[in-house]
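1. With the input below, show me the fold.
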Amino acid sequence: MHPLPVKGKTQLSKLLLHDTVQLLSGPIRLQPLPYSGSEVWLCVVRGAQASCVFSDTCSQLVEKTCPAPVIHSGGTMVTITGSNLGQKPEDILHSVSVAGVPCTVIPSLYEVSSRIVCKTRASGGLTSGHVSVTVSGGEFGRSSQIFSYQDPFVMGVSPVRGPMAGGTILNITGRHLLTGRPADLTITVGKVQCNIVSEVHMSSVQCETGPSKDKGEHRLTLHYGHSLRHLHSTNYLFTPNPNITHASPANSFMGGGRLIYVYGYNLDVVQKPHMVVTISLLETPVTQSKAKSRRRRSGRKNRSETDFKQFVGSCEVNSSSLILCHSPVVESAVQGSEVKVEFQLDNLSFDFSTLNSQPFRYEPNPILQPLNQQDPLKVYRYNPGSFIQLEGENLDLAMTKDEVLVQMGEGLCAVKTLTKNHLYCEPPPQQPAPAANGNKREGSDSLPEFIVRMGNLNFSLGKVQYDNPSLATFPLEAQIGVGVGASIVALIVLIIVLIYRRKSKQALRDYKKVQIQLENLETSVRDRCKKEFTDLMTEMMDMSSDLVGSGIPFLDYRMYAERIFFPGHRESPLRRDLDVQECRRQTVEQGLVQLSNLLNSKLFLTKFIHTLESQRTFSPRDRAYVASLLTVSLHGKLEYFTDILKTLLNDLVEQYVAKNPKLMLRRTETVVEKLLTNWMSICLYTFLRDSAGEPLYMLFRAIKHQVDKGPVDAVTGKAKYTLNDNRLLREDVEYKTLTLNVLVQGSGLSDSQPLTSKVLDCDTITQVKEKILDQVFKGTSFSHRPHADSLDLEWRSGVAGHLILSDEDLTSVVQGSWKRLNTLQHYKVPDGATVALIPRHTKHIHHDNHEYVAGEKTPMLEDADEGGVRLWHLVKASEEPELPKHRRGSMRERERAKAIPEIYLTRLLSMKGTLQKFVDDLFMVILSTSRPVPLAVKYFFDLLDDQAGQHGITDSETIHIWKTNSLPLRFWINIVKNPQFIFDVQASDHVDAVLSVIAQTFMDSCTIAEHKLGRDSPINKLLYARDIPRYKQMVERYYSDIRQTISASDQEMNSALAELSRNYSGELNYLVALHELYKYINKYYDQIITALEEDTTAQKMQLGYRLQQIAAAVENKVTDL
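-> Purely as a prediction, here's the structure:
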């Protein structure tokens, strides 16, 4: 044979066909041999294998031609490696076929002479054959293996439904499922990926569903590259996720195996439920040092000092509402460690602590003594008809008698009693046969084994043998004795049965009596609501007629503004005079006028506010104070004030849009938020007086009248009639209403004609005086009445019988460290008695009663005074006994403590029903668009809509929250909770508590989020649970109607603001406000000057220079002038 010369750089090598996934050895690559230009390649035969080698290595005869390329295997993406496969892709571009079907060559993956990658085309049917390659020039190669075209077909899937959370293993069956490379096969259910979790077989494959956003039926699809195969016989159903609502019991022995009942819904779609117990093993100092040394040796770094271990228990689905789990076995190291228990339902996990009020707890394993404690290996002899008593420890810590299984061979010993140290069970009447797999002992194989099973714990306590003495061995006397004894026992049993029947009838009669009492209670609550509502309406009608003459006691604008602007201040700063020396007063006033002019510069004012807010020492209280001082200073220029508000609000929106826009205006943490509160208060004062004031005052009076009808504890502030369960007087206090004839000296009223007043005999003397003053001076505002502390109550009986009554005197009852406040009952004041209010002749009378103090007013102090005596009125503050330490965790005690007060919750319902009309009237006026909506509300709501549009906020919920935070939260809640802001009244603690519940109800009605209520929800929310949806509709309709009304123009708003400025600008002392404002300028003087100097526009306007002039005038400050 002659050698075959090779032209150019053409090389020959083997031709291989393989699947890059199916062949574990990977592609076979032969490196091209070096070529110098004059060398010749020879074709030789080595054994049975043909190949091409370099001529110098030929040792056999040379063939005339090179052998054909050899092809070994194939797939959907066919890779052919070897040599002599052409010099360029065009040499083999259209000459590769797979089973007679052309295979499209991918030029980008071609390697010169060594590799071809092609993609099989559709065959048009089932076929098989060899893979062949023809190289340009005539060389031809064919594989020795057969390549087949298959048509995969999906026949079914199991299961056919699963939760939306995913995690369900699907078993898919069909024909020819293993087609192409397994790596190219993907499975979807609708749009949800199903990850393959098993090997792909010709007839089956398994995958795990992922989470789905949509429930309902979806089609199963197998993806072979771009070819799809659908399951047409049935669809897979995504069901709502399973949910667990409760799990019990809450403890187990460390040996595990206790049956845990898991309740919920949609549980039957769960495929692999598990109970997982995670133990965090807290390291002791010794183990910590050892652990650290281990970490140093192993090179690991662990910041945590806690190791975790997990134990998994098996579960099985019982029904759609019940899963039964067995608690897993845990190690003894669980003692003293944190235990976290979770139920894993495929892809979902539920924490046990959210399903049971008690945390899950592992108890130490029980200990049981053998039947024969002296000789455990000895057979226990049992006398039929009696119980078997077992002794042990910790038997009932995590097990009930119904869960304990006691086996005697093939029979059961029925457990009758289980205590901490004893177990009593009743064996079967006949000796059972031994169990097939029981323990065998020499000489006792025919006896049953006594085994106690407590979960996973099995206690083998010995063999049992029954004693069966025959009656023939009994003497006649013994038989007679037994007969007589049995007769006596039968007689006793008969007597017991008769007594039991009689008691049962008595219990049935008592039950019916309780039923009748409950029906009467329901009827009485309904009748009480009707009666009290009728009484209250009568009282309100009387009060309405009184208001015709006296009018509602509105505060004037100055007092209203001071209380709104400066809450929490005992005295308004505007009441003070300028705190400057008389010789400098004129200069200071001129400087303050210059400061007022400087505030008219928008650039200065915004720079001033932003500079203050950037200081760390500028607290939220300072921000609110400065905002109110600016409000007073700019009160005469409300148009300019509104412009500043809009500018600062735009800055605030930009700040919150970058973070979380829903949180804007939620609190008063910036100057602009307090400015908004003040702006709303100014603009809505007229609406308050003309429209909303009357229903609010009627609600306040109705609450006060209703609360005063029942006992009120003067020390704790708790009342019998309230809406706030924290302020509910739950104890039954006996009392009666007294009608007193009252004489008031020095009041301008006739002393000879007494007035009648209704009080309670359980009222303290101070409470009596306050009620008398309310009734006698009902047409007089609070600030013009005499205060109770300035008057004494004198009881007059006969001509010379005069007695001064007081809360504390020598007759007060003292028991140990407790002193009780005196009441009319204590003095035994009868109904119809005559009393007189006379001026108190004491030098130390506190006349601060009419000073306004914001915030909650505190009742009498409960703490012990210097003498160690504590005051009490109706109930002692610490009357509820503290549970012993060993019983504090008792569920039964906590349930009892919660259940007892619920008997008195009918009072809350009665109070709510009585006040319902007045609450509805107030909400109707606030949220009504039947009358013109205040111009400021429309203007500001439009402003918020514009801001949302400018910043691309289209979420209606966000805009709803902004409007709620700017009007109901920032203004109405403040007014409803504090009627003393608008009226000349004093709200007591118990009235405040009721108003807080109503205000919270109004706030809940303004939120979009749904409130999910349950048995553990606050009682205040449960009271108005049925009313809040109706109020929500009113709020949404109110916002919608305002949006649809004609927009308020800037000209209309400025005109209204100018009128407000003219009407009320003289009411407030703006010079004092400017002087207080200057104190902040002085405190942060350097920072403000620096901020002004860094701004080029401020430099051109010489704002820093003007501020230095003001400083020189107001404080005689040495400046750079």
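
2. Return the distance of stretch 250-263 from the chain's centre.
-> Here the centre of stretch 250-263 is set off from its chain's centre by 28 Å, with C-alpha atoms, centre = their mean, to the nearest Å.

3. going forward, begin numbering at 78 instead of 1
-> Noted, 78 is the first residue going forward, which turns the last one into stretch 327-340.

4. Endpoint to endpoint, it covers what distance?
-> Separation of the first and last residues of stretch 327-340 by C-alpha to C-alpha, to the nearest Å is 13 Å.

5. now swap in stretch 1135-1148 and tell me
-> 20 Å.

6. Tell me the secondary structure of the closest residue to Asp656 other than its chain neighbours, please.
-> Sequence neighbours aside, His1152 is the residue nearest to Asp656 in space, at 7.4 Å (criterion: C-beta to C-beta, 6 or more residues apart in numbering). Where you see a C-beta, it was placed from the backbone N, CA and C, and this is true even at glycine. Here His1152 takes the helix state, with states given by DSSP: H, G, I helix; E, B strand; the rest coil.

7. Leu568 should be in a strand, yeah?
-> No - Leu568 is assigned helix when assessed by three-state DSSP, not a strand.

8. on that earlier part again, so what's the residue nearest to Asp656 up against?
-> Each residue near His1152 by C-beta atoms under 8 Å, 6 or more residues apart in numbering is listed here: 655-657, 665, 669, 1191.

9. Which member of those residues is positioned nearest Thr747?
-> The closest of the contacts of His1152 to Thr747 turns out to be Leu669 (C-beta to C-beta; 25.6 Å).

10. So what's the residue count around that closest one?
-> 24 (other C-beta atoms under 10 Å).

11. Would you agree it falls within a strand?
-> No - using three-state DSSP, the assignment for Leu669 is helix, not a strand.

12. any idea of the pLDDT on the nearest residue to it once chain neighbours are set aside?
-> Distance criterion C-beta to C-beta, 6+ apart; nearest residue to Leu669, sequence neighbours excluded, is Leu1151 at 4.4 Å. Note on Leu1151: pLDDT of 88.

13. Leu1151 and Gln671 touch, don't they?
-> No - assessed by C-beta atoms under 8 Å, Leu1151 is found out of contact with Gln671, at 9.8 Å.

14. Quick check: the residue nearest to Asp656 vs Ser304, distance?
-> Distance of His1152 to Ser304, given as C-beta to C-beta, to the nearest Å: 86 Å.

15. re the thing from before, with neighbour numbers in mind, choose between Leu1151 and Gln671.
-> Set side by side, Leu1151 and Gln671 show more neighbours around Leu1151, with 26 against 17, by other C-beta under 10 Å.

16. Dig out what Leu868 forms beta bridges with.
-> Pro916 (DSSP bridges).

17. Could you pick out the longest strand of this structure?
-> If you go by DSSP state E, the chain has its longest strand at strand 383-396.

18. and that strand, what other elements does it pack with?
-> strand 350-359, strand 399-403 (3 or more C-beta pairs under 8 Å, 6 or more residues apart in numbering; DSSP states H and E).

19. Can you give the distance from the shortest one to the centre of its chain?
-> In terms of C-alpha atoms, centre = their mean, the centre of strand 399-403 is found 27 Å from the chain centre.

20. Can you dump the C-alpha atoms of that strand in CSV for me?
-> In CSV, the C-alpha atoms belonging to strand 399-403 read as follows (Å, rounded to 0.1, in the frame of the first residue of the first chain):
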residue,chain,number,x,y,z
LEU,A,399,-56.8,17.6,61.3
ILE,A,400,-53.2,16.4,61.2
LEU,A,401,-51.9,13.9,63.7
CYS,A,402,-48.2,14.4,64.7
HIS,A,403,-46.0,12.4,66.9
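
21. same for that strand, what does it pack against?
-> strand 336-342, strand 350-359, strand 383-396, strand 415-422.

22. most packed of those?
-> Greatest average neighbour count among those goes to strand 415-422 (a mean of 20), per mean count of other C-beta atoms under 10 Å.

23. ok, of the helices and strands packed on strand 383-396, where does mean pLDDT dip lowest?
-> The bottom spot among those, by mean pLDDT, belongs to strand 350-359, with a mean of 84.

24. got the angle for that strand vs strand 383-396?
-> 160 degrees (axes from the mean of the first three to the mean of the last three C-alpha atoms, to 10 degrees).

25. Show me the strands paired with strand 350-359, marking each as parallel or antiparallel.
-> Strand 350-359 is paired, per DSSP bridges, with strand 383-396 (antiparallel), strand 415-422 (antiparallel).

26. so for the last one, what's the average pLDDT?
-> What it means is strand 415-422. Per-residue scores along strand 415-422 average to 89.

27. same deal with stretch 246-258?
-> 89.

28. shaky segments in the stretch 528-677 of the chain?
-> 546-552, 598-599, 601-627, 646-648 (pLDDT under 70).

29. Break down it into its helices, ranges please.
-> 553-627, 634-642, 662-676 (DSSP state H, counting those that start in this stretch).

30. I'd like these laid out as TSV, including distance to Asp291.
-> Shown next, in TSV, are the helices of the stretch 528-677 of the chain (distance: least, C-beta to C-beta, whole Å):
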stretch	distance to Asp291
helix 553-627	47
helix 634-642	52
helix 662-676	59
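
31. where exactly do the strands run in the stretch 378-527 of the chain?
-> Taking DSSP state E, counting those that start in this stretch to define them, one finds strands in the stretch 378-527 of the chain at 383-396, 399-403, 415-422, 425-428, 438-440, 444-445, 457-459, 465-470, 482-485, 488-489, 491-495, 499-503, 526-531.

32. got these as CSV, with distance to Leu170 columns?
-> Shown next, in CSV, are the strands of the stretch 378-527 of the chain (distance: least, C-beta to C-beta, whole Å):
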stretch, distance to Leu170
strand 383-396, 59
strand 399-403, 63
strand 415-422, 56
strand 425-428, 55
strand 438-440, 73
strand 444-445, 85
strand 457-459, 93
strand 465-470, 87
strand 482-485, 79
strand 488-489, 83
strand 491-495, 86
strand 499-503, 88
strand 526-531, 77
